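Student: Sequence and predicted structure below; questions after.
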Amino acid sequence: MKLHKLNINKTFRAKNLCLCIGNFDGIHIGHQHVIKKILKSSQEHKMKSAIMTFTPHPKIFFKKNNKNFNITTNNFKKKFLSDLGIEHYIEYSFNKSLSNLDGIDFIKKILVKQLHVKKIIVGKDFRFGKDRSGDTKLLKKLSSICDYKLQIIEHVKNKNNNLKFSSSSIRKNITNGAFEKVADALGRNWHMKGKIIKGNQKARLINFPTANMTPGTHIIPRKGVYCVKVIINDNEYKGIANFGERPTVNGTNLLLETHIFEYNEDIYGKQLTVEFLTFIRPEKKYKDFKTLTSQIRKDVIKAEKYHKI
């Protein structure tokens, strides 16, 4: 997949694009359905499949202070789309200049003059341009004038609840710790990935070593204890994790502490992927470390039952 970082003034040389526009935050099952349409159409009509997206997310840009908003990191999104087969990833810098373009200028100046699109694929509720002035009706109206084809995709609904897949509902479920619902919408488990750092090592005192990492630039899950799947060097392990500030030991920073069952190797400095499976209990401050230790043992029993160990 070719990566392109653009703004409204940069030259773009690729031609004959079949383009889908959106933030694709999380790349949930609805997004994946649209991407399959892009790949199929681009192959049938001998076009180049392309995704147009924005950094930062427009909602982050307008709020100015919500860095922990995206469901996944930008790097994960790029790799996932590349693995699906997208040929061009066009990342626009979302800034004041771009946000001030109205719907007509966005089509004529960006999509037609700069990107030379031949086909555009969007969802039925797609909105764009200043004050969200552009919609599918405008795209359709200008398609013959600007010489591009338009395909509008209907909402993809979850068979379990008949609701459309949406990034906003996934964010809500992550912050509530409802990771079964998250996995149902994503088609995979939500995860955190990072380099293992040293903690205060108090858990080692009770023979409960943990692999610790700080959260990345993505949405923050509910504080508490989870059953998790752990991936190290492409090998999968079962585990239990706590995400939070660790108030019983006077912690102050957010940390993911993961205990890996049946694993006893040194992994400091290595990359770890932790997939969230189900919520066990919320984070709580206990009166002392001994009481916390007792609760951890109860949590482990629940996790082992969930994992069927």
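Tutor: Ah, there it is.
Student: ok, residue 240 - how many residues close by?
Tutor: 26 (other CB atoms under 10 Å). Placement of C-beta: from N, CA and C, glycine included.
Student: Also residue 303?
Tutor: Residue 303 has 23 neighbours, counted by other CB under 10 Å.
Student: can I assume it is in contact with residue 280?
Tutor: Yes: if you go by CB atoms under 8 Å, residue 303 and residue 280 touch, sitting 6.7 Å apart.
Student: Mind listing the shared neighbours of the two?
Tutor: Jointly contacting residue 303 and residue 280 under the rule CB atoms under 8 Å, 6 or more residues apart in numbering are 227, 240.
Student: can you pull out the strands in the stretch 151-300 of the chain?
Tutor: Applying DSSP state E, counting those that start in this stretch to the stretch 151-300 of the chain gives strands spanning 191-195, 211-213, 224-232, 235-244, 255-260, 271-282.
Student: got those strands as a markdown table, with distance to residue 80 and mean pLDDT columns?
Tutor: Below are those laid out as a markdown table (distance: least, CB to CB, whole Å; pLDDT from 0 to 100):
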| stretch | distance to residue 80 | mean pLDDT |
| --- | --- | --- |
| strand 191-195 | 12 | 94 |
| strand 211-213 | 20 | 92 |
| strand 224-232 | 15 | 96 |
| strand 235-244 | 19 | 95 |
| strand 255-260 | 21 | 94 |
| strand 271-282 | 13 | 96 |
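Student: can those go into CSV with extra columns for distance to residue 50?
Tutor: CSV is the format used below for the strands of the stretch 151-300 of the chain (distance: least, CB to CB, whole Å):
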stretch, distance to residue 50
strand 191-195, 27
strand 211-213, 34
strand 224-232, 30
strand 235-244, 34
strand 255-260, 35
strand 271-282, 28
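Student: Tell me which of these sits nearest to residue 96.
Tutor: Closest approach to residue 96 among those (CB to CB): strand 191-195, 32.5 Å.
Student: Mind exporting the C-alpha coordinates of the closest one to PDB?
Tutor: Output in PDB follows, covering the C-alpha atoms of strand 191-195 (Å, rounded to 0.1, in the frame of the first residue of the first chain):
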ATOM      1  CA  HIS A 191      -6.400  -4.600  22.000                       C
ATOM      2  CA  MET A 192      -3.600  -2.500  23.500                       C
ATOM      3  CA  LYS A 193      -0.100  -2.800  22.200                       C
ATOM      4  CA  GLY A 194       3.200  -1.400  23.700                       C
ATOM      5  CA  LYS A 195       6.600  -2.000  25.000                       C
END
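Student: Mind listing what's buried along stretch 131-149?
Tutor: Across stretch 131-149, burial judged by 16 or more other CB atoms under 10 Å covers 134, 135, 136, 138, 139, 142, 148.
Student: Next, work out how far apart residue 2 and residue 38 are.
Tutor: 15 Å (CB to CB, to the nearest Å).
Student: So which of these two has more stuff around it?
Tutor: Between residue 2 and residue 38, counted using other CB under 10 Å, residue 38 has the larger neighbour count: 25 against 12.
Student: just to revisit the earlier point, spatially, which two of the buried residues of stretch 131-149 are the most separated?
Tutor: 135 and 148 (15.9 Å).
Student: Count the neighbours of the closest residue to residue 129 other than its chain neighbours for me.
Tutor: Once flanking residues are discounted, residue 129 sits nearest to residue 103: 3.4 Å by CB to CB, 6 or more residues apart in numbering. A total of 20 residues lie near residue 103 under the criterion other CB under 10 Å.
Student: give me the low-pLDDT residue ranges for the protein?
Tutor: Of all residues in the chain, those with pLDDT under 70 make up the ranges 64-67, 199-207, 248-251.
Student: Can you show me the helices along it?
Tutor: Counting by DSSP state H, the chain has helices at residues 29-44, 58-63, 74-84, 96-99, 103-105, 136-146, 167-176, 179-186, 289-307.
Student: Burial-wise, tell me which of those helices comes out on top.
Tutor: Across those, averaging neighbours per residue (mean count of other CB atoms under 10 Å) puts helix 179-186 on top, at a mean of 20.
Student: now what about it, what contacts it?
Tutor: If you take CB under 8 Å, 6+ apart as the criterion, helix 179-186 is touched by 26-29, 158, 160, 165, 169-170, 173-174, 189-190, 221, 226, 276-279.
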